[in-house]
Every structure is written in structure tokens, then in C-alpha cells.
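Engineer: Test case, fold it:
(2 chains, ligands or ions: 2)
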Amino acid sequence: MSLFEDIARILPRMMEPLSATLMIFVFTLLFSLPLGLVVAFGRMSRIKPIRWVAQVYLLVMRGTPLMLQLIFFWFGLELGGAGFSRLQTAIVAFSFNYAAYFAEIYRGGIESIPVGQHEAADVLGFSKSQTFFRIILPQVVKKILPPMGNEFMTLVKDTSLAQVIAVVEITSMAQKIQVSMVSLMPIIVAGIFYLIMNAIVSKGFSLAEKKLGYYR
Amino acid sequence: MSVLSAQNLKKSFGTTDVLRDISFEINEGEVLSIIGPSGSGKSTLLRCVTLLERIDSGRIAYSDLTMADTPEGQSKAVYSEGAVLQQIRRRFGLVFQNFNLFPHFTVMRNIIEAPVRVGKKEKKMAESEARSLLEKVGLADREKAYPCELSGGQQQRVAIARALAMQPEILFFDEPTSALDPELTGDILKVIRDLAEEHMTMVIVTHEMSFARDVSDRIIFMDGGVIVEQGDPAQVIGNPQSERTRAFLSRFHKN
Ligand SMILES: Nc1ncnc2c1ncn2[C@@H]1O[C@H](COP(=O)(O)OP(=O)(O)O)[C@@H](O)[C@H]1O
Ligand SMILES: [Mg+2]
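Structural biologist: Residues are numbered from 1 along each chain as shown, chains lettered A, B, ... in the order given. Ligands and ions are numbered 1, 2, ... in the order given. As a prediction, the model looks like this:
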């Protein structure tokens, strides 16, 4: 059996798992990026109980394994009768988990903006939300690009954890084909899939950094 | 009527009394300089009258608008509602020691952002006003530059233009030349002198004694959170009455 035939047998079976992996990646970002901002605001709130809730959230989400959280959400949502599919459940768990990491990155970025920026905006009469969205956030985005790039790349690889609640994603499918084919090829193909995705992510971030490199 | 009136201002941080019963007024077209040793409360005073800090007690009013007042028999200042404070913010401008330009905006955008977003001015109009302000501060050709491409002196001149773009009735300066190399201070001082000639109402905290003497109508010497001496510039700088003022000024005459 030739190498080419092997790959021709593997690739078609990988398409559906690939779409599951991509769905987890895209939807997790879609939900966790804004949710992280809310958590960051909670963590920085002047109101003590809100700050406390945010801190507990951050501790739980970052202090327990994502795999455990996936299992928890699967059975939790099942018991609650939410009627979520395995893929949807994975997206929910990933979103809550990644929001915690994003929140801490946002907070670091927001706190690194000199207080003089807030003061200059205040004196000019900008409202709190104008100050945040027009003056502070654009500067935060530039500062947090490198750590965000790391998180995005980690997320690409973490999608493989979804197999613990039987989501058929790239890694679990590769393993399944590998057993039936008795060949390393499926594993290598899966690895190449992740590499390509992360090369794109990485390229995207360096383009963004270049685009925002026009100041300071 | 005075543009700004401050009466019996008191402010402490924890157990440190930073402003201890400060009263002063400033009239339209007047230039007032505030001098005094570092730590005497000059910045805190400017920050209190620009709403960056809140006073503990006393009264602050911008002509007909009261920012804060302390009711008879009470010890805590009560601030006016947000809408009034926002109206008051439109009346003053503040130039910081370290400029605080917005680094992600061009010079033009730094200047027009507040007139357009806060003042609801038409963009074209704001831009043409910004251009004449840039001309005034000697930066007519730099509207497309980013702050990081400018020298400190140029950044400070943009900051002045940015404050002027909101057409304030009174402009505060907190040591506008202290973060600059000595050879760059001249440009800033010239801009402020020009404004004084146009009868812009200004309060300037500065360590530039000869500049303060030339440009001011009145000088306040502050030390330890109180106004030790105030009056005519020639009087306060040339012939100070207080021993503390003399001691402070002697440090400048030596070098
Ligand atoms: N936010 C603050 N918290 C605590 N202390 C402060 C704060 N701001 C100023 N101070 C103190 O108030 C005093 C006066 O400071 P400042 O107004 O900056 O003086 P100046 O501008 O005359 O040098 C100093 O002792 C300073 O340490
Ligand atoms: Mg100061």
C-alpha cells in the first residue's frame, strides 16, 4: 500500500472531525472573548462581593483541569435537562474556561495603561464608556497581543480534550483510524492539521502586531 | 465675576493634610502662577479644581456653576450632580506635566476627538479649528504624526492645542516644562506667553521663576498646604515678605 493511498483513505474521514475542532475553536473565541472582559471588570470592580465572585470564578476555572470541567458540564447539563449536544457542551465548557484566562490577560493590559490616559480623557469630558472603548481598549489590544496569541494556539491544541465527552474531533478520529490501519500515518496527518491551524493563527497575530506597530 | 472661586479648600490623603484651608479667586483674563516647594500641594490643588480629586470640605465654583460646597454647620463637601459637573468640565482645560497624549491617535485626532465626541462638533469644522491651533503652537506640518514621533516639547504643544480645542474659559498648567530638556522649555513658554497676550485666563504651576514673574498678573506661594504669600509678581518674587518665601526663592537665585 502506497503512502498516497494511505493519505487518500485518511483525509475524507478527517473532514467531519476537523469541522468539530474548528467549531470548538471559533465558537469558544466568540463567547469567551467578551465573557472574559465581563469577568475582568468583575475582578477590578470597586464592589467587594462582585470582586469576590470573580476571584472564585478565576480560581475554579484556572485551578481545575479543563478535562474535569468538560465532564462536569456534560453531566451537569445532562442532569439539568439543557438538551445540549456533546459539541455544544464542549463549547460551553471551553468558553467558561478560556474566559478566565482571557480575563486575567485583559486585566493585566488594562492595569498597565498609565492613569494619565484616564485623567486626560476625564478632563476632556469623555464619558466612562467613551474613555474605555476609544482611549483605553485600543491600547490594551496592542499590549495583550503576544499573550493572546499564546492562548489562541493553546486553544487549537486543547480542542483535542473534547474527546473526553465523546466529541469526535481530530485527535480521537486519528486514533481510531490508526488502530484499524495499524499505521502511524493518521497520527501524523492529525499533527499536520494542528500545525497548519496554528501557523495560520500565528501568522494572523504577527500581521495584527505589525498593523498596530504604527505607534509607540 | 470671577471665573473660578475656591474657598477654604481642605484635602487630606489618609492622615496627611495636603490642602489646609486654601482660598483664591481668578478673574477673567488673569494669569496666576503658583510656586512652591515640591510636596506643598500644588498639583493636588489643580487636581481638586479639575475634578481629578475630591475636596474634603470647602467650596469650588466656576462663575455661576457650583462644583462643590460645604453646607453651613457640616464638615463634608457636597458635590453637584453629574450633569452640572459635566458642564463645569467644559469650562476648564488642563495641561499635564507629562503631556498624556493618546499614543494611538495622530496629532489631529488627539485634538479633534473631544470636540467631536464630547462637544458634538462637526468633524470638518473641528479639523479646520485644529489646524489653526496647530499653527498657533508652531506645529502646522505635523498633523499626521503620532505622539511617539514628536519631541517632548512638540508633544506638550499638541497637548496645549488639545486643551484649547475645547474652548475652555480657563486653562490650568501643572509644571508644563518640568518633563522637558531645558533647551525645549522655551517653545512651551512662548506658547503660554502668546496665550497670556490674548488674555486667556490661566493658572500655571511652575518652577520657572523669571517666566512666572514676566507672564503673571499675580503669584501665589504655597508651602505645606497653605498659601503663604500672594500678590504682585514683582512683590512676591522680588521682595518677598515671608521668611519661607525668601528661603524657597534663594534656592533659585543661587543657580
Ligand atoms: N493620591 C495620593 N495619595 C496619597 N498622598 C498623596 C497623593 N497625591 C499627593 N499626595 C501627597 O500630597 C502631598 C502634596 O503633593 P502634590 O500636590 O503632588 O505636591 P506638589 O505638586 O506641590 O509637589 C505630598 O506629600 C504627596 O505625597
Ligand atoms: Mg506637582
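
Engineer: Please go through chain A and pick out the longest helix.
Structural biologist: When chain A is parsed with DSSP state H, its longest helix is helix A:3-43.

Engineer: quick one: average pLDDT of the following helix or strand past it?
Structural biologist: Once the chain leaves helix A:3-43, the next helix or strand it forms, by DSSP states H and E, is helix A:48-63. Averaged across helix A:48-63, pLDDT comes to 98.

Engineer: what's the answer for stretch B:209-225, then?
Structural biologist: 95.

Engineer: swap in stretch B:188-201?
Structural biologist: Stretch B:188-201 comes out at a mean pLDDT of 96.

Engineer: roughly how far apart are B:Thr245 and B:Pro233?
Structural biologist: From B:Thr245 over to B:Pro233 the distance is 12 Å, taken as C-beta to C-beta, to the nearest Å. Glycine gets a C-beta too; all of them are placed from N, C-alpha and C.

Engineer: thinking again about what came up before, now do the longest helix of chain A: which elements does it pack against?
Structural biologist: Where contact means 3 or more C-beta pairs under 8 Å, 6 or more residues apart in numbering or on different chains; DSSP states H and E, helix A:3-43 is packed against helix A:48-63, helix A:86-112, helix A:137-158, helix A:170-181, helix A:185-211.

Engineer: Off-centre distance for it?
Structural biologist: 9 Å (C-alpha atoms, centre = their mean, to the nearest Å).

Engineer: For chain B, list the residues in contact with chain A, please.
Structural biologist: For chain B, the contact set with chain A under C-beta under 8 Å from any C-beta of the partner chain comprises B:50-52, B:86, B:89-90, B:92-94, B:96, B:98, B:100-104, B:113-114, B:117-119, B:146-148, B:162-163, B:166.

Engineer: wait, what's in contact with A:Arg216?
Structural biologist: Neighbouring residues of A:Arg216 by C-beta atoms under 8 Å, 6 or more residues apart in numbering or on different chains: A:Lys142, B:Pro103, B:Tyr146, B:Cys148.

Engineer: closest to A:Pro17 out of the helices and strands packed on helix A:3-43?
Structural biologist: Among the helices and strands packed on helix A:3-43, helix A:170-181 comes nearest to A:Pro17, with 3.9 Å by C-beta to C-beta.

Engineer: Could the C-alpha coordinates of that closest one be exported in CSV?
Structural biologist: Taking Å, rounded to 0.1, in the frame of the first residue of the first chain, the C-alpha atoms of helix A:170-181 are listed here in CSV:
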residue,chain,number,x,y,z
ILE,A,170,-9.2,15.4,15.0
THR,A,171,-7.2,13.5,17.6
SER,A,172,-9.8,10.9,18.6
MET,A,173,-10.6,10.2,14.9
ALA,A,174,-6.9,9.9,14.1
GLN,A,175,-6.5,7.4,17.0
LYS,A,176,-9.5,5.4,15.7
ILE,A,177,-8.2,5.2,12.2
GLN,A,178,-4.7,4.4,13.5
VAL,A,179,-6.0,1.3,15.3
SER,A,180,-7.8,0.0,12.2
MET,A,181,-5.0,0.8,9.8
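
Engineer: quick one, that helix and helix A:3-43 angle?
Structural biologist: Calculated by axes from the mean of the first three to the mean of the last three C-alpha atoms, to 10 degrees, helix A:170-181 forms an angle of 150 degrees with helix A:3-43.

Engineer: Contacts for helix A:170-181 next, please.
Structural biologist: With C-beta under 8 Å, 6+ apart as the test, helix A:170-181 has contacts from A:6, A:9-10, A:13-14, A:16-18, A:20-21, A:159-160, A:163, A:184-187, A:189-190, A:193-194.

Engineer: Confirm for me that B:Ser5 is in contact with B:Ala61.
Structural biologist: Yes. At 4.9 Å, B:Ser5 and B:Ala61 qualify as touching, with contact defined as C-beta atoms under 8 Å.

Engineer: got any ranges where chain A has weak pLDDT?
Structural biologist: Within chain A, the stretches with pLDDT under 70 are A:1.

Engineer: Buried ones from the residues of chain B next to chain A, can you make that a PyMOL selection?
Structural biologist: Restricted to buried positions by 16 or more other C-beta atoms under 10 Å in any protein chain shown, the PyMOL selection for those reads:
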select buried, chain B and resi 50+51+52+89+90+92+93+94+96+98+100+101+102+103+104+113+114+117+118+119+146+147+162+163+166
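
Engineer: Out of the residues of chain B next to chain A, name the ones that lie in helices.
Structural biologist: B:Gln86, B:Arg89, B:Glu113, B:Ala114, B:Arg117, B:Arg162, B:Ala163.

Engineer: out of these, what pair is the most spread apart?
Structural biologist: B:Gln86 and B:Arg162 (18.4 Å).

Engineer: For ligand 1, what's its nearest residue on chain A.
Structural biologist: Going by C-beta to the nearest ligand atom, ligand 1 is nearest to A:Val115 of chain A, at 9.9 Å.

Engineer: so how far is B:Ser151 from that residue?
Structural biologist: Distance from A:Val115 to B:Ser151, counting by C-beta to C-beta: 24 Å.

Engineer: C-alpha coordinates for stretch B:229-242, CSV please?
Structural biologist: Provided in CSV are the C-alpha atoms of stretch B:229-242 (Å, rounded to 0.1, in the frame of the first residue of the first chain):
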residue,chain,number,x,y,z
GLU,B,229,2.0,84.7,50.4
GLN,B,230,0.4,86.1,47.3
GLY,B,231,0.4,89.2,45.3
ASP,B,232,2.0,91.2,42.5
PRO,B,233,4.8,89.1,40.8
ALA,B,234,7.5,91.8,41.4
GLN,B,235,6.5,91.9,45.0
VAL,B,236,6.4,88.1,45.7
ILE,B,237,9.5,87.2,43.7
GLY,B,238,11.4,90.5,44.0
ASN,B,239,10.6,91.4,47.6
PRO,B,240,9.0,88.5,49.5
GLN,B,241,7.5,89.3,52.9
SER,B,242,7.6,85.8,54.3
